[in-house]
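Participant: model this:
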Amino acid sequence: MSVFVRIKLSLLRNGLRQSTGRTAAFVTSIVLAALVAAFQLLGLVLLRGNEYAEAVVVPLTALLALGWAVMPLFFADGDETLDPTRLAMLPLRPQRLVGAMLGASLVGIGPAFTCTLLLGAVVAVAHGPAAAVVALLALPLTLLTCVAFARAVATANVRLLTSRRGRDLAVLSGLLIAVGAQVVNLGLQKLSEPDGLSVLEPAAEVLRWVPPAAAVGAVRAVSDGEYALALAQFALSCAALAVTLWWWQRTLHRLMVSPDASTLQAAEEPTGATRGTAVRGPLALLPEGRTGAVIVRTLRYAWRDPKTKVGWASSLGVGVLLPVVFAIQGNGSPYNACWAAGMLGIQMYNQFGQDHSGFWMVASTIASTRDAYVELRARMLAIALVAVPYVCAVSVLSALLLGAWDRLPEVLGLALGLLGVLLATGVCSSTYFAYSIPEEGTKNVAPGQGSLAYLSIFGGMLGGALACAPLLALTVWLHVSDAHGALWVVLPAGVLYGAGVCAVTLRVMAPRTAARLPEILAAVSRG
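Facilitator: All right, here's what the predicted structure looks like:
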């Protein structure tokens, strides 16, 4: 174990020597983590003696364990020194590897931060000498369980995490963190209310039996003199650690001795299912020809390309998150459903840039204005296939949360109209302000094309807002003239207006797109 710890420290030290920026980032992370941990520790210590102390520390411990379990799935490269596949050639049995890797895993900012929070948790609920003794045992037990579970999950999914799907998970981690931050924000607002901590009691009653939070619950049980309960909770936590280590050992053994599928030749004969068409399911209902092929290609980009996927996932997540958050906070409006239309409408922007350098294959198949028209229309339809039902669902959800069913027709009409206008302006933006999206790295704009990206997005959104003016004017006029009974007209008006703007824009922009293919190809092939 000591050898692995020294190896990790050496690799960490040598890595920091490679770059001043990396060293500065590491030191900054340590300082920020120490400050946050110190304030958390102080808050938990001040909670000592409070009747809701257990209701706070038990869910907090469970949340820490959940974080340790899922973080390896999104940050697979965060600890390269402990990749078990790099140790396959060493003459070590899985039993020794588990102990050594577990000891090395305890070195780092994360374990130190977790240990500080767990110290505050056990101090908050420990009362009396017996509880203090149990707390001294519960703290390392909980920390070891968290770290062991994280390493077991990482080992079980190491081949997934080093594949394209693993990289997709890493790209999506930012979105999940943002959504989780909003959930935490709502929870903190709820807890800040008078007697807000009482809402955690039902969760604490359940989580006190879920390892490793059960070990912290055992400390509180000893403080209350419930020794049989404490023994059961502590034994459950010990059993959880033992099962986790056993699972980790078995997974590690299987990983070390089983061949990697990437090194095996695919010798299987193609089956009848694979000989057939690659398009199955609902996509098989799409029309033949260029329209169906472009729709399938666009949707596959959205599912397979990491940066396109995170753009779609962000739009879908934010589109429903904002109306829900506003409604829960008490300042919601049915019109917040338009966020869903706006977020998905901008997916039409820079359509050709999403093809990267492969756009030359698309450009080589566009020989006439008709080909350009069908290409643009199919890309628009691909987004509409997802956006239209999604916008309808978010509008209904917003009306349900706010109890504003009478305003659903006008809200839905405005949202669908906005979606159609943004799809239309996206065609113009993609034609005149196309820019390259680097396939590697985290940047979404190639160097030197930042102004094109700003013009594409903000200019198109401003144009879309201006183009929505007639529909907004109709809605405002119906409200001002007290014609509330006629507001249902906004729904068909919005659908027709959005579809009409799209149709006119396609007719106007198709010849211009066909004429600008060389310029578009040069713009999207940079970087």
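Participant: please name the residues that touch the closest residue to Q354 other than its chain neighbours.
Facilitator: If the residues on either side of it in the chain are set aside, Q354 comes closest to T308, at 5.4 Å by C-beta to C-beta, 6 or more residues apart in numbering. For every residue, glycine as well, the C-beta is placed using N, CA and C. Contact analysis of T308 by C-beta atoms under 8 Å, 6 or more residues apart in numbering lists Y301, A302, Q354.
Participant: tell me the one of those residues nearest P409?
Facilitator: Closest approach to P409 among the contacts of T308 (C-beta to C-beta): A302, at 29.9 Å.
Participant: isn't the closest one up against S314?
Facilitator: No. At 11.9 Å, A302 and S314 do not qualify as touching, with contact defined as C-beta atoms under 8 Å.
Participant: show me where the stretch 51-200 of the chain has helices.
Facilitator: Secondary structure of the stretch 51-200 of the chain (DSSP state H, counting those that start in this stretch): helices located at 53-74, 94-105, 109-125, 129-156, 158-161, 164-191.
Participant: looking at those helices, which has the lowest confidence?
Facilitator: Looking over those, mean pLDDT reaches its minimum on helix 164-191, with a mean of 57.
Participant: tell me the first helix or strand C-terminal of it.
Facilitator: Once helix 164-191 ends, the next helix or strand along the chain (criterion: DSSP states H and E) is helix 201-207.
Participant: for the contacts of T308, which single residue is the most surrounded?
Facilitator: Using other C-beta atoms under 10 Å as the neighbour test, these are led by Q354, with 22 neighbours.
Participant: give the helix, strand or coil label for it.
Facilitator: Each residue gets one of three states, and Q354 gets helix by DSSP: H, G, I helix; E, B strand; the rest coil.
Participant: wait, it touches K309, no?
Facilitator: No. Look at Q354 against K309 with C-beta under 8 Å: they stay out of range, at 10.8 Å.
Participant: lowest average confidence, helix or strand, in the chain?
Facilitator: One helix or strand of the chain scores below all others by mean pLDDT, DSSP states H and E: helix 272-275, with a mean of 44.
Participant: and after it, which helix or strand comes next?
Facilitator: Later in the chain than helix 272-275, the nearest helix or strand by DSSP H and E is helix 290-304.
Participant: for A493, list the residues it contacts.
Facilitator: G413, G417, L471, L474.
Participant: over to D371?
Facilitator: D371 neighbours (C-beta under 8 Å, 6+ apart): R290, T365, A514.
Participant: please convert those residues to a markdown table, extending it with distance to Q40.
Facilitator: As requested, the contacts of D371 are exported to a markdown table (distance: C-beta to C-beta, whole Å):
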| residue | distance to Q40 |
| --- | --- |
| R290 | 58 |
| T365 | 59 |
| A514 | 60 |
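Participant: how's this protein carved up into domains?
Facilitator: The record assigns the chain these domain ranges, following automatic domain parsing: 2-258, 289-524.
Participant: out of those domains, deepest packed?
Facilitator: Greatest average neighbour count among the domains of the chain goes to domain 289-524 (a mean of 19), per mean count of other C-beta atoms under 10 Å.
Participant: span of that one from start to end?
Facilitator: 25 Å (C-alpha to C-alpha, to the nearest Å).
Participant: ok, now stretch 48-59?
Facilitator: This stretch, stretch 48-59, spans 16 Å end to end (C-alpha to C-alpha).
Participant: show me where the stretch 351-500 of the chain has its helices.
Facilitator: 359-364, 369-402, 408-432, 450-454, 460-467, 469-480, 490-515.
Participant: can you put those helices in a markdown table and add distance to G330 and mean pLDDT?
Facilitator: Putting the helices of the stretch 351-500 of the chain into a markdown table (distance: least, C-beta to C-beta, whole Å; pLDDT from 0 to 100) gives the following:
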| stretch | distance to G330 | mean pLDDT |
| --- | --- | --- |
| helix 359-364 | 47 | 88 |
| helix 369-402 | 10 | 92 |
| helix 408-432 | 19 | 91 |
| helix 450-454 | 35 | 75 |
| helix 460-467 | 27 | 82 |
| helix 469-480 | 23 | 89 |
| helix 490-515 | 26 | 93 |
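Participant: nearest to L137, of those helices?
Facilitator: Shortest distance between L137 and the helices of the stretch 351-500 of the chain, using C-beta to C-beta, is found for helix 369-402: 46.4 Å.
Participant: quick one, that closest one and helix 490-515 angle?
Facilitator: Put simply, helix 369-402 runs at 150 degrees to helix 490-515, going by axes from the mean of the first three to the mean of the last three C-alpha atoms, to 10 degrees.
Participant: helix 369-402 to helix 290-304, inter-axis angle?
Facilitator: Angle of helix 369-402 versus helix 290-304, following the same axes, to 10 degrees, is 50 degrees.
Participant: please state the offset of helix 369-402 from the chain centre?
Facilitator: Centroid separation for helix 369-402 versus its chain: 22 Å, with C-alpha atoms, centre = their mean, to the nearest Å.
Participant: same question, stretch 328-337
Facilitator: The answer for stretch 328-337 is 23 Å, by C-alpha atoms, centre = their mean.
Participant: quick one: end-to-end length of it, please.
Facilitator: One end of stretch 328-337 to the other measures 14 Å (C-alpha to C-alpha).
Participant: what average pLDDT does it get?
Facilitator: 80.
Participant: contacts for it next, please.
Facilitator: Residues outside stretch 328-337 that contact it (C-beta under 8 Å, 6+ apart): 186, 189, 322-323, 326-327, 391, 394-395, 397-399, 401-402, 404, 407-408, 411-412, 414-415.
Participant: if we use 6 Å, what do you get?
Facilitator: Applying C-beta atoms under 6 Å, 6 or more residues apart in numbering, the contact partners of stretch 328-337 are L186, P323, F326, V394, S395, S398, A399, L402, A404, R407, V411, A415.
Participant: measure the closest residue to the fifth one other than its chain neighbours to S314 for me?
Facilitator: Going back to what we said before, that points to S395. In space, S395 comes closest to A337 once its chain neighbours are excluded; the distance is 4.1 Å by C-beta to C-beta, 6+ apart. Going from A337 to S314 by C-beta to C-beta, to the nearest Å gives 17 Å.
Participant: likewise P438?
Facilitator: 18 Å.
Participant: which helices and strands does whatever helix or strand A221 lives in pack with?
Facilitator: Secondary structure from DSSP H and E places A221 in helix 213-223. In terms of contacts (3 or more C-beta pairs under 6 Å, 6 or more residues apart in numbering; DSSP states H and E), helix 213-223 is packed against helix 53-74, helix 109-125, helix 129-156, helix 227-257.
Participant: can I get the CA coordinates of it in PDB?
Facilitator: Output of helix 213-223 as PDB, limited to C-alpha atoms (Å, rounded to 0.1, in the frame of the first residue of the first chain):
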ATOM      1  CA  ALA A 213     -25.300   6.900   6.300                       C
ATOM      2  CA  ALA A 214     -26.400   4.100   8.700                       C
ATOM      3  CA  ALA A 215     -23.000   4.400  10.500                       C
ATOM      4  CA  VAL A 216     -23.800   8.100  11.300                       C
ATOM      5  CA  GLY A 217     -27.200   7.000  12.400                       C
ATOM      6  CA  ALA A 218     -25.600   4.500  14.800                       C
ATOM      7  CA  VAL A 219     -23.800   7.400  16.500                       C
ATOM      8  CA  ARG A 220     -27.100   9.100  17.200                       C
ATOM      9  CA  ALA A 221     -28.700   5.900  18.300                       C
ATOM     10  CA  VAL A 222     -25.900   5.400  20.900                       C
ATOM     11  CA  SER A 223     -26.400   9.000  22.100                       C
END
